[in-house]
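*Asks:* fold the following, please.
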Amino acid sequence: MRLMTAAALTLSLSLPAAAESIFPVSVPPECMELANREGVPTVIENRYQAIKAKVKLYKLSTRDPMVRECRQAVDRMRAAMNERTASTKSTFSLSSAPRSMGTPQ
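*Replies:* Numbering: from 1, shown residues only. Sure thing, here's the model as predicted:
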């Protein structure tokens, strides 16, 4: 759960302009049991909760298999969100390119 929160936090920090649009974020299924154990909500509602969860996750020992699994799940989720954001940016920039007024497109 902490890992999920950490992922949400990392995403919110890396995408400050879009931070409000990514919440609420549900923790990955791999993190549910860990979140319940550590008292972290399974749905992160805002940036504050995400930061708090990230800090909690990274304070946990990597000796715990649940922590390792959750961190991996968060990393995968972060990568997917970054990829989605990058593709949205490239689509936006292509669609917003000015068109020539003289020739039909």
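*Asks:* list the helices and strands the biggest helix by length in the chain packs on?
*Replies:* Counting residues, the longest helix found in the chain (DSSP state H) is helix 65-95. If you count contacts as 3 or more CB pairs under 8 Å, 6 or more residues apart in numbering; DSSP states H and E, helix 65-95 packs onto helix 2-14, helix 32-38, helix 47-59. (Glycine included, C-beta is placed from N, CA and C.)
*Asks:* distance of Ile51 from Leu60?
*Replies:* Remark: distance between Ile51 and Leu60 (CB to CB, to the nearest Å) = 16 Å.
*Asks:* burial of Tyr48, as a residue count?
*Replies:* By other CB atoms under 10 Å, 11 other residues sit near Tyr48.
*Asks:* sorry, slip of the keys, the one I care about is Ser87.
*Replies:* 10.
*Asks:* try Ser21
*Replies:* 7.
*Asks:* and Pro41, how far from Arg63?
*Replies:* With CB to CB as the criterion, Pro41 and Arg63 are 25 Å apart.
*Asks:* neighbour-wise, which of the two wins?
*Replies:* Pro41 (17 against 7).
*Asks:* so where's the chain shaky on pLDDT?
*Replies:* Residues of the chain meeting the criterion pLDDT under 70: 1-20, 90-105.
*Asks:* mind redoing it with 80?
*Replies:* 1-21, 88-105 (pLDDT under 80).
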